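>>> 3D model of this:
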Amino acid sequence: MGETTGSRQATNDLLLPGPQPPLTHFGATLLRHVVVTGLRYTLYHLGLAVPDKPPIRIHQLQLYLDSSAVERMLDGQPAGPAVAAALVDPLGVAPAREVGPTGAAFFHRLRLRRARHRRLPRPEQLPTSSTSALEYHFRCHLSACLPALNNALLDEVLTVLERRRHRRRGTVEPALGAAAAAWAAGRRTRLERLGPPDPFTPSWLAEVPAIDREGLSHPAKRDAGRGRFREVYREVLDGLRSTLTAMGEAAHADGVIDQREDLFFLPFELLGDLAGSDKPPWLDAAVLRNRAEYFGLVRAADGPTEAAWSASPLNLMP
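Numbers count the residues shown, from 1 in each chain. Purely as a prediction, here's the structure:
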């Protein structure tokens with residue numbers, strides 16, 4: 001399920017497997033920030049060296065882990081090959097004598113079982129003042145949610161390590177996260193946890209796409225650790241989206257951007273540039289170029305591809 005990006009082999013099977021809609025430039029860079037933060041957190045808590053340059057690639061507005069870079073990064077470290085395999089090959093089988101992070105993994109599995117039931121921080125009431133106040137509000141809420149996102153990514157890695165070991169004894173069925181499994185089975189669920197991993201688009205809480213449950217090609221199996229990151233991340237995005245929308249409106253009213261949604265076609269790292277009183281000279285050209293890239297990918301999709309994108313929150317986790 002990997003994909004070649006340039007000369008490198010890349011994969012998104014750990015967190016976002018299967019067909020995915022393109023991300024906006026804000027969405028892609030925000031996801032990169034969150035995944036890089038979570039990856040560093042995960043490696044640190046498993047007793048591994050934290051990389052200076054995380055092995056993350058964005059290709060055609062999709063985020064991937066660079067498989068060869070991951071393996072080089074963790075090569076020679078105790079338990080490094082096992083964790084590298086979990087990151088880039090969740091569907092694989094652990095070798096019989098694989099050395100994993102057993103002590104750290106046991107402790108964090110116990111801790112994360114309790115963490116799975118904690119609610120995310122609720123966003124505070126939006127400030128009604130300036131673009132800069134809205135930006136500060138956005139960053140505060142994102143920071144408050146990062147511990148839950150970090151734990152979710154660590155949970156995914158630990159679960160994959162366990163599933164790879166279990167495959168030595170037989171088949172391990174692909175799984176869904178809690179919200180996706182409940183929806184596929186026709187039960188009530190938390191729709192704010194289902195949707196594309198991009199704040200430009202609302203979650204299923206706003207509107208559930210037309211998907212035939214009966215036509216799903218898989219049973220609704222649940223694994224408590226798999227699919228957790230994408231569901232927690234989508235809920236976090238729902239909490240951030242109203243702030244970003246308000247910030248786009250404020251920046252538009254200030255004349256910094258021409259359209260309210262232009263905010264989503266700028267990198268996350270440059271969000272603060274919208275808080276100034278003057279429009280940056282590079283902004284219009286950057287937005288125009290990024291819009292063309294995003295909507296070019298969207299328009300190039302055929303009907304089956306669009307249907308697969310709509311159903312991406314139900315993609316099975318290996």
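>>> C-alpha only now, for contacts and for neighbours.
Fine.
>>> quick one: Thr102 and Arg109, what's the gap?
Computed as C-alpha to C-alpha, to the nearest Å, the Thr102 to Arg109 distance reads 10 Å.
>>> neighbour-wise, which of these two wins?
Legend: neighbour count by other C-alpha atoms under 10 Å for Thr102 and Arg109, higher for Arg109 (16 against 11).
>>> residues making contact with the helix or strand the more buried one falls within?
Applying DSSP states H and E as the criterion places Arg109 in helix 102-115. Contact with helix 102-115 is made by His45, Leu46, Gly47, Ala148, Asn151, Asp155, Leu158, as judged by C-alpha atoms under 8 Å, 6 or more residues apart in numbering.
>>> buried ones in that helix?
By neighbour count on 16 or more other C-alpha atoms under 10 Å, the buried set for helix 102-115 is Ala105, His108, Arg109, Leu112.
>>> please apply the same query to stretch 63-83.
By neighbour count on 16+ other C-alpha under 10 Å, the buried set for stretch 63-83 is 63-67, 69-71, 73-74, 79-83.
>>> and for stretch 128-148?
130-132, 134-138, 141-142, 145-146, 148.
>>> pick out the most distant pair among the contacts of helix 102-115.
Gly47 and Ala148 (19.8 Å; C-alpha to C-alpha).
>>> what does the model give Lys221 for pLDDT?
Here the pLDDT value assigned to Lys221 is 75.
>>> what about it, distance to Asp278?
52 Å.
>>> same check, this time on Thr37
32 Å.
>>> which non-adjacent residue is nearest Asn12?
In this structure, Asn12 finds its nearest non-sequential neighbour in Tyr64, 4.9 Å apart by C-alpha to C-alpha, 6 or more residues apart in numbering.
>>> do the same with Glu249
Leaving aside its sequence neighbours, Glu249 sits nearest to Arg260 (C-alpha to C-alpha, 6+ apart; 5.1 Å).
>>> report the contact partners of the one you found.
Residues in contact with Arg260 (C-alpha under 8 Å, 6+ apart) are Thr245, Gly248, Glu249, Ala251, His252.
>>> got the confidence number for the closest residue to Gln60 other than its chain neighbours?
Counting by C-alpha to C-alpha, 6+ apart, Gln60 lies nearest to Pro22, which is 7.2 Å off, once chain neighbours are set aside. Note for Pro22: predicted pLDDT of 98.
>>> try Ala178
Here, the pLDDT recorded for Ala178 equals 92.
>>> swap in the one 3 residues further on?
At Ala181, the model reports a pLDDT of 91.
>>> quick check, it in a helix?
Yes: with DSSP: H, G, I helix; E, B strand; the rest coil as the criterion, Ala181 is part of a helix.
>>> distance of it from Ala148?
Ala181 is 21 Å from Ala148, by C-alpha to C-alpha.
>>> I figured Val160 hits Ala86, correct?
Yes: at 5.7 Å, Val160 and Ala86 qualify as touching, with contact defined as C-alpha atoms under 8 Å.
>>> just give the nearest non-adjacent residue to Cys10, would you?
Residue 10: Ala, not Cys. Asp66 (4.6 Å).
>>> coming back round to it: now the residue nearest to Asn12, which residues is it bridged with?
In this entry, Tyr64 is beta-bridged to Arg57, by DSSP bridges.
>>> hang on, the earlier thing: following the helix holding Arg109, which helix or strand shows up next?
Assignment by DSSP H and E places the next element after helix 102-115 at helix 131-166.
>>> quick check: Trp204 touching Leu194?
Yes: the pair Trp204 / Leu194 is scored as a contact, 5.6 Å apart, by C-alpha under 8 Å.
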